[in-house]
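> Show me how the following folds:
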Amino acid sequence: MKKSKIKLEGSFKMKKATRLKQLIGKDQILIIPGVYDALGAKIAENSGFEAIIMGGYPTAASRLGQPDIGYVTMTEMAENAKYIANAVDIPLFVDGDTGYGNALSVMRTVKEFEQAGVSGIFFEDQKWPKRCGHMEGKRVISIEEHCKKIEAAVKAKEDPDLVIVARTDARAVNGIDDAIKRGNAYSKAGADLIFIEAPQSVDELKLIAKSIKAPKLVNVIEHGRTPSLTAAEYHKMGFDVVIFPLSCIYTVSKALKSLFKKLKEDGTTKCIEKDMISFNEFNKLIGLPNYRKLEEKFLTDSVIKDKYGSKEKLEEAMRQGR
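I've put the predicted structure just below:
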């Protein structure tokens, strides 16, 4: 398993939230892929990403088989976040939706998510039940109410470095000018990062980057409303973070559709084995050799002999990833 780049301070690792805040403050743009389970998180970490995000859209799809229209509860999100955060050494952003109620509900959400191990939380200004920011039918609460929610989130966090992201969906409801006004108000309320959802042109992106006087995030949904550019292009405009929250679940869904179609038609997977990771490679990916090392260190010789036949056979299993 590839180790993250978290620095050591004495004998302790830097807190994930502290690391995330530092990454956002760097001169280069922070690229964050979306994941919806612990396996995807491990693969993202192995690929060299320094942070990941778990959204409500892929969580609703993967856990419930439902669209992102407010069906997932706070406790379901916190539980999924716990599994993901515990699987990796890199910081995890989590979609806190609307906070699942009023400002007091936001405070509980912060506490539950912090206990799950997250390093950053998004809170949006939609009315509940919310929906994906690129879908139709959105409504927003008042600027004043969401400012109070952001203030409550800041007040509730135990780790001062926990990153609070304020998202506004007002672009689709009231227009870009109101969205920018909200973004700046949410920054003054204490948000660390401002996220204006679904700008619809390059000119709007440039206007956001110019007008928001705080660190800014851009959200890329493939085939969504926001122009799909490179991270370098977003950074040149003035954005600090770019997220790709649905790329993983879209890619996996297409691969699974192809797999099941071929299996149904042919009654075998032989023709598509070349597109699969191997048994041994997968075992190494999820860390099986590390568990074998723990067995070698902590199990008695008699137990090892009973399980493997000999210590040499255990060592051979480690090398082969079996």
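> Strands along the chain, start to end?
8-9, 12-13, 30-33, 52-54, 92-95, 120-124, 163-168, 193-196, 216-219, 241-244 (DSSP state E).
> if I pick the spatially most central residue of the chain, what's in contact with it?
In the chain, the residue lying closest to the centroid (C-alpha atoms, centre = their mean) is Ile53, at 1.0 Å. Going by C-beta atoms under 8 Å, 6 or more residues apart in numbering, Ile53 touches Ile32, Pro33, Gly34, Val35, Leu92, Phe93, Val94, Asp95, Ile243, Pro245. C-betas here are computed from N, CA, C, even on glycine.
> what pairs with it across the strands?
Ile53 has these beta-bridge partners by DSSP bridges: Gly34, Phe93.
> okay if I get the contacts of Ile53 as CSV plus pLDDT, neighbour count and distance to Phe279?
Listed next are the contacts of Ile53 as CSV, based on pLDDT from 0 to 100; neighbours: other C-beta atoms under 10 Å; distance: C-beta to C-beta, whole Å:
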residue, pLDDT, neighbour count, distance to Phe279
Ile32, 98, 26, 31
Pro33, 98, 19, 25
Gly34, 98, 26, 27
Val35, 98, 30, 23
Leu92, 98, 28, 29
Phe93, 97, 26, 32
Val94, 98, 27, 32
Asp95, 96, 25, 34
Ile243, 97, 24, 33
Pro245, 96, 25, 30
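> about what we covered before: among the strands of the chain, single out whichever gets nearest to Val72.
strand 92-95 (9.2 Å; C-beta to C-beta).
> who's in contact with that closest one?
The contact list for strand 92-95, computed with C-beta under 8 Å, 6+ apart, reads 16, 20, 32, 41, 51-57, 59, 77, 81, 84-85, 113, 116-122, 163, 165, 243, 245.
> and it, how far out from the chain's middle?
In terms of C-alpha atoms, centre = their mean, to the nearest Å, the centre of strand 92-95 is set 5 Å apart from its chain centre.
> cool, and stretch 287-299?
Centre-to-centre, stretch 287-299 and its host chain are 29 Å apart (C-alpha atoms, centre = their mean).
> Take it, keep the C-alpha atoms, and write them as CSV.
Below are the C-alpha coordinates for stretch 287-299, written out as CSV (Å, rounded to 0.1, in the frame of the first residue of the first chain):
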residue,chain,number,x,y,z
GLY,A,287,-3.3,-5.3,1.6
LEU,A,288,-3.4,-9.0,2.1
PRO,A,289,0.4,-9.3,2.3
ASN,A,290,0.3,-6.8,5.2
TYR,A,291,-2.0,-9.1,7.1
ARG,A,292,0.2,-12.1,6.4
LYS,A,293,3.1,-10.1,8.0
LEU,A,294,1.0,-9.5,11.1
GLU,A,295,0.2,-13.2,11.2
GLU,A,296,3.9,-14.0,11.0
LYS,A,297,4.7,-11.6,13.8
PHE,A,298,1.8,-12.3,16.2
LEU,A,299,0.7,-15.9,15.7
